[in-house]
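J.: Next one to model:
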Amino acid sequence: MKIKINSILALVSVLIVSFSCSDNFLEEKRVYGLDDETFYEQPGRVSWYVDNLYNDYFRAYNSPLKSVVGLYNDTRSRLTEEIGGMQSLINPTISYVNASDGDAYYGARLEDKITNNPYTRIRDCNTLLENIDVKGASLDAKFRDEAKGQVYYLRAIQYFDLMRVYGGVPIITTVQTPSIEDPSIKLPRAKVSEVVAQIIADLDAAAALLPPTWNAANYGRFTKGAALAQKSRVLLTFASPLFNKNWDNSTERWDAALAAGLAAETQLTADGFGLFGTNAKQWSEMFLVNNSFCKEAIVVQLLASTSSAVNINNGWEGSIRLTSQGGRGAIEAPKEMIDLFPMANGSRPTTANGYDEFVFFKGRDPRFYRTFAFSGSNWPYTNSLLTAAQPTVWAYRWVDNSNRVYFSGNNNENSPAFVRKMSNPAESNASSFAFSGTDIFEYRYAELLLNIAECYAAKGEIANCLSYLTKIRQRVGITSANNYGIGTLSSKYAAIEACLYERRVELAYEGKRYWDIQRWMLYSNDAPNGIVANTCSKLGLTPLNGTQRTGYYLDYKTKTTSSADPLINARAGISVDPDAPDFSTQMVQLEAFYRNNLVKTELLPPLTPLDHVNNQPVKIDFKTNYYIMGLRQDVLATNPWLEQTIGWNGATASAGTFNYQE
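T.: Model prediction:
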């Protein structure tokens, strides 16, 4: 699947200004199937209708940290180890249990007006699926099939995100007329298994109707392989402990998820997809294949590099670039992420394996240097400002004799490392990188391989699991010794943990981590409904609850007599570049600079910790009822037949009764 959003918006814009009000596309959309009989006889109008659906789904998708279709905010990514900063759902001083605190994603009620929420998007899908073969019978059959295939896919991913947020939801596959009196539309919340069955039926229909690839003019649309890959993701979620009480003693759902993953792999491989590149440099360069085919990209949001009302620009580049480079300030990497990545030989970063957290950059997994920047690293960009370009980044502090604090390059960063993954060295800082056109990969081939590996692990087929994990590591240049550093996996639990670990590294900062934490219930050993699930204990993982995302400053060892940077001369000539032939020598120089000049300063009051409430450090506390959110008060009030989720109070404060684990 490719999301060609900018072309879509342009088409919609042209349409809006080209037709009278009675012929306006959005007016046609508003009446939900009550349009004139000629609408579906015109391929241009049908194409515009489908394209506007893409727009409604993906208009806000401009950062890889964002997830949840149609909404696309980064709230869930901020509930993980990837980014510090206290959020409501992990704040130990807040507890949500009432319907007034439920998640607003569902929307309020079905209305005859244009409201871009999940069920109006579903209704738009249903409208086309109901009408195109009847009112558009004169259209070319292939054209109709491809339109339907795209819409089946869209409906499927909308139901999938509703399922991930709420569990079971009403399944609506026909166009309904809003009414407070019609009992036929008062549909209850379906079981999660029923929602999954509907999603899979839609994805199977999409796969049967969509082409394996599109021509260049239509690059950006869903494909057959994307539908099969999405099926793998859905069934993997359904097999995971959150929705599968029998995950540990039955392989039925894991078998289904594995079959889906293998089918997607076969199809996509035949269609020219696969892992991109054979080394870490190429691994980083795949994210820069812009608005054209990249074999790794199963799902990609195409973005524009120019400012326009109909263009969507990448918001990522500006958010991660340092102030000294003309960006809006970095995304600081918590220490927990810095300490996560393997060593160069693939082993875990422990003291026994040679890891020194002060010189954390020394001897790491090749992906580390493409995921993070740090003081002394080369991070190029195109300079269009009047100031000189600063491709080598520095972020340390010094204090003068009057206790005034200064920052190198005005980079006030409370971590020694900052995210650089998916950054484009060709992007310009002319407008603080606001008009970056670098595409975003929503689903790539590596994730599919990791899905397959996890299914094999859960089934206890460790050799097969390892064969897929090692493909991921081999591609970035880790040597084959000791199973590419993975070692011997002694049990299915160790294999599952290895898969989740590899996902944390390979897919870091791509908007995937929260969903892995959620489906494996990794905040604690407790599960919703008062169950002790012990998933953390079984997998040998430390629960996230009770932990913190921590940062620290790098400070110059000695107080100074002026505001001048005391390390300008000491750092001269240092610029670490993993592509340089003398990279090893550069690393030795940088290590010496750190040891000779810098000390670590913890973020303790009066300094502001990464995770704090009123400047006091706090620890993550995610309540078990948050795994599946409750319906909001307005939804329950206008749809009183809907059950509230167990763990949440209903509209009248009565305890919820809907069990998403059936």
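J.: Let me know the pLDDT of residue 28.
T.: We note a pLDDT of 41 for residue 28 in this prediction.
J.: One more: residue 22?
T.: Note for residue 22: predicted pLDDT of 30.
J.: what's the answer for residue 217, then?
T.: 86.
J.: all helices of the stretch 451-600 of the chain, in order?
T.: 462-475, 481-484, 492-506, 513-520, 535-539, 583-597 (DSSP state H, counting those that start in this stretch).
J.: which helices and strands sit right next to the shortest one?
T.: Identification of packing neighbours for helix 481-484 by 3 or more CB pairs under 8 Å, 6 or more residues apart in numbering; DSSP states H and E yields helix 462-475. Backbone N, C-alpha and C define where each C-beta goes, glycine included.
J.: just to revisit the earlier point, adding distance to residue 643, write the helices of the stretch 451-600 of the chain out as JSON lines.
T.: What follows is the helices of the stretch 451-600 of the chain, written out as JSON lines (distance: least, CB to CB, whole Å):
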{"stretch": "helix 462-475", "distance to residue 643": "39"}
{"stretch": "helix 481-484", "distance to residue 643": "48"}
{"stretch": "helix 492-506", "distance to residue 643": "32"}
{"stretch": "helix 513-520", "distance to residue 643": "21"}
{"stretch": "helix 535-539", "distance to residue 643": "26"}
{"stretch": "helix 583-597", "distance to residue 643": "57"}
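J.: Kindly provide the distance from residue 591 to residue 375.
T.: From residue 591 across to residue 375, the span is 12 Å (CB to CB, to the nearest Å).
J.: can you count the residues close to the residue lying closest to residue 214 once chain neighbours are set aside?
T.: Closest residue in space to residue 214, ignoring its immediate chain neighbours: residue 221 at 5.2 Å, by CB to CB, 6 or more residues apart in numbering. Residue 221 has 23 neighbours, counted by other CB atoms under 10 Å.
J.: and the gap between residue 221 and residue 206?
T.: When residue 221 is compared with residue 206 (using CB to CB), they lie 11 Å apart.
J.: Overlap of the contact sets of these two?
T.: Common neighbours of residue 221 and residue 206, using CB atoms under 8 Å, 6 or more residues apart in numbering, are residue 150.
J.: pLDDT value on the residue nearest to residue 214, please?
T.: 90.
J.: Check whether it sits in a helix, strand or coil.
T.: coil (DSSP: H, G, I helix; E, B strand; the rest coil).
J.: quick one: contacts for the closest residue in space to residue 515 that isn't next to it in sequence?
T.: Nearest non-adjacent residue to residue 515, counting by CB to CB, 6+ apart: residue 164, 6.7 Å away. If you count contacts by CB under 8 Å, 6+ apart, residue 164 has them with 68, 237, 515, 518.
J.: where does the stretch 51-200 of the chain dip in pLDDT?
T.: Where the stretch 51-200 of the chain drops to pLDDT under 70, the residues are 108-114.
J.: With distance to residue 569 and mean neighbour count as extra columns, can I get the helices of the stretch 451-600 of the chain in JSON lines?
T.: JSON lines is the format used below for the helices of the stretch 451-600 of the chain (distance: least, CB to CB, whole Å; neighbours: other CB atoms under 10 Å):
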{"stretch": "helix 462-475", "distance to residue 569": "40", "mean neighbour count": "20"}
{"stretch": "helix 481-484", "distance to residue 569": "41", "mean neighbour count": "15"}
{"stretch": "helix 492-506", "distance to residue 569": "37", "mean neighbour count": "21"}
{"stretch": "helix 513-520", "distance to residue 569": "41", "mean neighbour count": "22"}
{"stretch": "helix 535-539", "distance to residue 569": "49", "mean neighbour count": "19"}
{"stretch": "helix 583-597", "distance to residue 569": "11", "mean neighbour count": "15"}
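J.: which ones are touching the nearest residue to residue 409 once chain neighbours are set aside?
T.: In this structure, residue 409 finds its nearest non-sequential neighbour in residue 324, 3.2 Å apart by CB to CB, 6+ apart. Residue 324 sits next to 390, 393, 394, 408, 409, 410, 411 when contact means CB under 8 Å, 6+ apart.
J.: secondary structure class for the third one?
T.: Which is residue 394. Per three-state DSSP, residue 394 ends up coil.
J.: was I right about it contacting residue 376?
T.: Yes - using CB atoms under 8 Å, residue 394 is in contact with residue 376, at 7.0 Å.
J.: Mutual contacts of the two, please.
T.: When contacts are counted by CB under 8 Å, 6+ apart, the set common to residue 394 and residue 376 consists of residue 571.
J.: and the longest helix that the chain contains, which residues are buried?
T.: Of all segments of type helix in the chain, defined using DSSP state H, the longest is helix 141-166. For helix 141-166, the neighbour count (16 or more other CB atoms under 10 Å) marks 144-166 as buried.
J.: And the next helix or strand past it?
T.: Downstream of helix 141-166, the first helix or strand assigned by DSSP states H and E is helix 192-209.
J.: gap between the helix or strand following that following helix and the chain center?
T.: Downstream of helix 192-209, the next assigned helix or strand under DSSP H and E is helix 224-239. Chain-centre distance of helix 224-239: 16 Å, with CA atoms, centre = their mean, to the nearest Å.
J.: and if you look at stretch 436-451?
T.: Counting by CA atoms, centre = their mean, stretch 436-451 comes out at 9 Å from the chain centroid.
J.: Compute the mean per-residue pLDDT across that stretch, please.
T.: Computed over stretch 436-451, the mean pLDDT rounds to 95.
J.: just stretch 414-430 next, same as before
T.: For stretch 414-430, the mean pLDDT works out to 94.
J.: could you show me where the strands are in the stretch 1-150 of the chain, in order?
T.: 2-3 (DSSP state E, counting those that start in this stretch).
J.: For it, just list every one of the helices.
T.: 5-18, 25-30, 43-58, 118-135, 141-166.
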